[in-house]
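Student: Here is my input; please provide its structure:
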Amino acid sequence: MANQQGEVLSASPAFGEAAKVWARIGCLSFGGPAGQIALMHREIVEERKWLTEQQYLSALNFCMLLPGPEAMQLATYAGWRLHGVKGGLIAGLLFVLPGAVVVLALSMLYGAFGNLPWITAIFYGVKAAVLAIVIEALLRVARRALKGNADWLIAGAAFLALYCFDVPIRIALEGAARHTEQSLNDDGKDRRFHAVKYRGNPRQVSERSVKHGQGQNHHSARQHE
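Tutor: Residues are numbered from 1 along each chain as shown. All right, here's what the predicted structure looks like:
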């Protein structure tokens, strides 16, 4: 099945199959929101095609604006879109509970044996692995969300404003939105200009056609003579 953009979607999964996938995501979602979002993208967009790229990115953008954990909100939305309210509830719960159990177990392990050198070494290794997961996840999402050089420049400027200059996120979002709106307006003006330029004025097109026709008739008459 394909949508209006030509993206192929698979049939909606059974509720039990979807629940297993949400549980798998909950158990493997290391690396914070970036890693969780990338993992969900691979599971439900790339591999199973339950959502299209555009549906996933649009939902992600909306969840970014909402207060609270955007990764959990995104999972809840995807579950709701597949199986309604019960799908959203089971997706949200299975997204949180396995991770909570893993974090609880790790915290108990560190609290009991954190002074041992080999335990400390394991946790340092986990930190390095999580950092690699986050960087890879950010690059994966960025390649799909940022289409042109202007998008990369806006993303870089927003990162510098938030991280280096502690600019409020509302101001950064407003600046990015205004720049994007201006770019879209300029692009629309260019397209209209080129459309008018190549379409031409109807009267001028008619005059050129008449002159061209007269020239062809004159040439034909000279050949007959």
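Student: contacts, neighbours, all on C-alpha from now
Tutor: Fine.
Student: can you confirm K147 is in a strand?
Tutor: No: counting by DSSP: H, G, I helix; E, B strand; the rest coil, K147 is not part of a strand but coil.
Student: what about it, neighbour count?
Tutor: Applying other CA atoms under 10 Å, we find 10 other residues in the vicinity of K147.
Student: now the helix of greatest length in the chain: how far from the chain's centre is it?
Tutor: In the chain, ranked by residue count with DSSP state H as the criterion, the top helix is helix 70-113. Remark: helix 70-113 is offset 21 Å from the chain centroid, using CA atoms, centre = their mean, to the nearest Å.
Student: That one - contacts with which helices or strands?
Tutor: The contact analysis (3 or more CA pairs under 8 Å, 6 or more residues apart in numbering; DSSP states H and E) places helix 70-113 against helix 15-28, helix 32-41, helix 53-65.
Student: Next, the angle from the shortest one to helix 70-113.
Tutor: This means helix 32-41. Relative orientation of helix 32-41 versus helix 70-113 (axes from the mean of the first three to the mean of the last three CA atoms, to 10 degrees): 120 degrees.
Student: Chain neighbours aside, what residue packs nearest to the residue nearest the centre of the chain?
Tutor: The chain has L57 as the residue nearest its centroid, 3.3 Å off, counting by CA atoms, centre = their mean. Distance criterion CA to CA, 6 or more residues apart in numbering; nearest residue to L57, sequence neighbours excluded, is A145 at 7.1 Å.
Student: The one you found contacts Y56, doesn't it?
Tutor: No: at 10.3 Å, A145 does not count as touching Y56 under the criterion of CA atoms under 8 Å.
Student: Between these two, which has more neighbouring residues?
Tutor: Set A145 next to Y56 and count neighbours by other CA under 10 Å: Y56 wins out with 19 against 16.
Student: distance of that one from A176?
Tutor: From Y56 across to A176, the span is 20 Å (CA to CA, to the nearest Å).
Student: Now for the protein, the helix or strand with the poorest mean pLDDT.
Tutor: helix 202-224 (a mean of 48; mean pLDDT, DSSP states H and E).
Student: sorry, back to before: most tightly packed of the helices and strands packed on helix 70-113?
Tutor: Across the helices and strands packed on helix 70-113, averaging neighbours per residue (mean count of other CA atoms under 10 Å) puts helix 32-41 on top, at a mean of 21.
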